[in-house]
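[1] Everything below, folded, please.
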Amino acid sequence: MRKIKATLGYRLLVFLFLPFGLAVAQNKPQVGTESANAPFELKNGDRVVFLGNSLFENDFQYGYLELALTTRWPDRDVTYRNLGWTGDNVYGVARSTITNPPTGYDLLMEHITKAQPTLVFVAYGGIEAQDGEAGLPSFTEGLGKLLDKIDQLGAKAILLSPIPILAADSAQSLAKRNAMLEVYASAIEKMASARGKRYIDIFKPIQEISKQTPLTDNGIHLNETGYYQLAMILERSLGLGARTAPISISISKQTAETSGPAKLLGTGNTNENLRFTIDERSLPLPTPADAKGLPDQAQVLKLTGLKKGFYTLTADNEELVTASAKQWEEGVAIRQGSNFEQVRELRQMILKKNELFFFQYRPLNTTYILGFRSYEQGRHVKGLEEQSILIKWLEGQIAVARKPKSSVYQLSFLK
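    Residues are numbered from 1 along each chain as shown. Next up is the predicted model:
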């Protein structure tokens, strides 16, 4: 059984609140199409589904993809469902159970339909590429049918390439497997173009970043740093700008001037008395502890005009960082504070919500609860349905926790 870190103390509260074919595709009219260059945004009421193989299922342990999108639009109610399934292909083969029917494909269609998506991130091809070029026609036909289904539901689709293999038993094997993955990625890109859908190449960026830091534990499945980087790749590919803008504050003997998303408080801001707020429109995306040597999205604060010495920056009287006047002039990254604590708690809520959903839509002992032996444990179906109450409650808590709070920053000279 999967283990998910759940450090929040709301388990008890949950129960207290209980009452409350490509060629064919090119010639047919498409639903849910949009220009690849159209601005991307999520709106109130959107239902986002992550559909694919282990690339999506394994983020179940980290929550970075949902966290990134949730914090981008903190004022909008968007529902997220992760339908990734390890080993799955466009025909839902991994979803097969010992009961037949339903087939794995039937279950795939059922899962998509029940999620009622308005937007689906589709990530297939990694498993199918093992069949080589001989499997390409079957893959493109299956992907086309899958996109037809998403169109019928009135949802948009964003197609992702497979990720590369980063380690193998030999350099020759590695090159051969990645070459085939690129063939499948090209087929996905062509289908996206033919249907007017967005396509995101994650193959090359992941391959490039992996030269600087380990992104997997086994050369195949992304680790925590890998998912953090994947979230950033998706943000950039969707045209979402940096989460923060640099802040510069110039201090003179009598006053101070600022540029960037900062607002000075009061008058007489000098070396001895500098107070300001930051227009924090979204929470930060916390960097994994083992992500070393890679750029992050930390807020950078530059202060010029300080007299020599050391200065401590606090936020709501909590010490954040101490640096010299020279370091402040060059720019200091802010990587802690109440907003970082808030986003960590938000992430734990997302993980817990996704854990509840995971075991609701694919419970242990499925055959005995939902399958042909349901006469033995079918009574537990009601319990699965009641999970929706807990999931809904957690989504309400997420809605509150995703909104950044304003802090008062103060710079103090260490005498």
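
[2] quick one: pLDDT of residue 97?
    Reported pLDDT at residue 97 in the predicted model: 68.

[3] I meant to write residue 5 there.
    At residue 5, pLDDT is 40.

[4] before we move on, what about residue 373?
    Confidence at residue 373, expressed as pLDDT, is 55.

[5] Please renumber the chain so that the first residue is 520 from this point on.
    Okay, residue one is now 520; in that scheme the one you just asked about reads as residue 892.

[6] ok, now which ones touch residue 765?
    779, 819, 820, 821, 850 (Cβ atoms under 8 Å, 6 or more residues apart in numbering). Every C-beta, even on glycine, is put in place using the N, C-alpha and C of the backbone.

[7] Verify the contact between the fourth one and residue 846 for me.
    No - Residue 821 is not in contact with residue 846 according to Cβ atoms under 8 Å; the separation is 10.0 Å.

[8] for the helix or strand that contains residue 873, packing partners?
    If you go by DSSP states H and E, residue 873 is part of helix 857-880. Using 3 or more Cβ pairs under 8 Å, 6 or more residues apart in numbering; DSSP states H and E, the elements in contact with helix 857-880 are helix 583-591, strand 598-601, helix 900-920.

[9] rerun that using 10 Å as the cut-off
    If contacts are counted by 3 or more Cβ pairs under 10 Å, 6 or more residues apart in numbering; DSSP states H and E, helix 857-880 sits against helix 530-535, helix 583-591, strand 598-601, helix 623-634, strand 837-843, helix 900-920.

[10] Using PDB, write out every CA atom in the helix or strand that the fourth one is followed by.
    Translated: helix 623-634. On the C-terminal side of helix 623-634, the nearest following helix or strand under DSSP H and E is strand 638-642. These are the backbone C-alpha positions of strand 638-642, laid out as PDB (Å, rounded to 0.1, in the frame of the first residue of the first chain):
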ATOM      1  CA  LEU A 638      -9.000  19.900 -19.800                       C
ATOM      2  CA  VAL A 639      -7.000  16.700 -20.100                       C
ATOM      3  CA  PHE A 640      -3.200  16.500 -20.000                       C
ATOM      4  CA  VAL A 641      -2.500  13.400 -22.100                       C
ATOM      5  CA  ALA A 642       0.900  11.600 -21.600                       C
END
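
[11] re earlier: quick one, which of the helices and strands packed on helix 857-880 is packed in tightest?
    helix 583-591 (a mean of 23; mean count of other Cβ atoms under 10 Å).

[12] ok, back up a step: chain center to the helix holding residue 873, what's the gap?
    Centre-to-centre, helix 857-880 and its host chain are 12 Å apart (Cα atoms, centre = their mean, to the nearest Å).

[13] from what I can see residue 746 touches residue 576, true?
    No - applying Cβ atoms under 10 Å, one finds residue 746 not in contact with residue 576, separated by 11.6 Å.

[14] quick one, what contacts the residue most central in space within the chain?
    Residue closest to the average C-alpha location in the chain (Cα atoms, centre = their mean): residue 584, at 0.7 Å. With contact taken as Cβ atoms under 10 Å, 6 or more residues apart in numbering, residue 584 is in contact with 567, 569, 574-575, 578, 599, 601, 603, 640, 746-747, 749-750, 753-754, 869.

[15] How about residue 919?
    593, 865, 868.

[16] Then residue 615?
    By Cβ under 10 Å, 6+ apart, the contact list for residue 615 reads 607, 621, 622, 623, 624, 625, 626, 627.

[17] From residue 693, how far out is residue 686?
    Computed as Cβ to Cβ, to the nearest Å, the residue 686 to residue 693 distance reads 7 Å.

[18] Also residue 831?
    As judged by Cβ to Cβ, residue 831 and residue 693 stand 49 Å apart.

[19] all helices for the stretch 620-769 of the chain, in order.
    Per DSSP state H, counting those that start in this stretch, the stretch 620-769 of the chain carries helices over the ranges 623-634, 655-671, 690-713, 722-728, 743-756.

[20] which other helices and strands contact the shortest one?
    Same thing as helix 722-728. With contacts defined as 3+ Cβ pairs under 10 Å, 6+ apart, helix 722-728 has these neighbours: helix 690-713, helix 743-756.

[21] Look up which residues are beta-bridged to residue 770.
    residue 775 (DSSP bridges).

[22] right, and it touches residue 930 too?
    Yes - taking contacts as Cβ under 10 Å, residue 770 lies within contact range of residue 930: 8.9 Å.

[23] So which of those two has more stuff around it?
    Per other Cβ atoms under 10 Å, whichever of residue 770 and residue 930 has more neighbours is residue 930, with 23 against 20.

[24] For the more buried one, I want the exact helix or strand it lies within.
    Residue 930 belongs to strand 927-932 when assigned by DSSP H and E.

[25] quick one: which helix or strand includes residue 816?
    Here residue 816 is assigned to no helix or strand, by DSSP H and E.

[26] State the distance from the nearest residue to it once chain neighbours are set aside to residue 862.
    Among residues not flanking residue 816 along the chain, residue 762 sits closest, at 4.5 Å (Cβ to Cβ, 6 or more residues apart in numbering). Distance of residue 762 to residue 862, given as Cβ to Cβ: 11 Å.

[27] Overlap of the contact sets of those two?
    Counting by Cβ under 10 Å, 6+ apart, the contacts common to residue 762 and residue 862 are 590, 801, 802, 803, 804.
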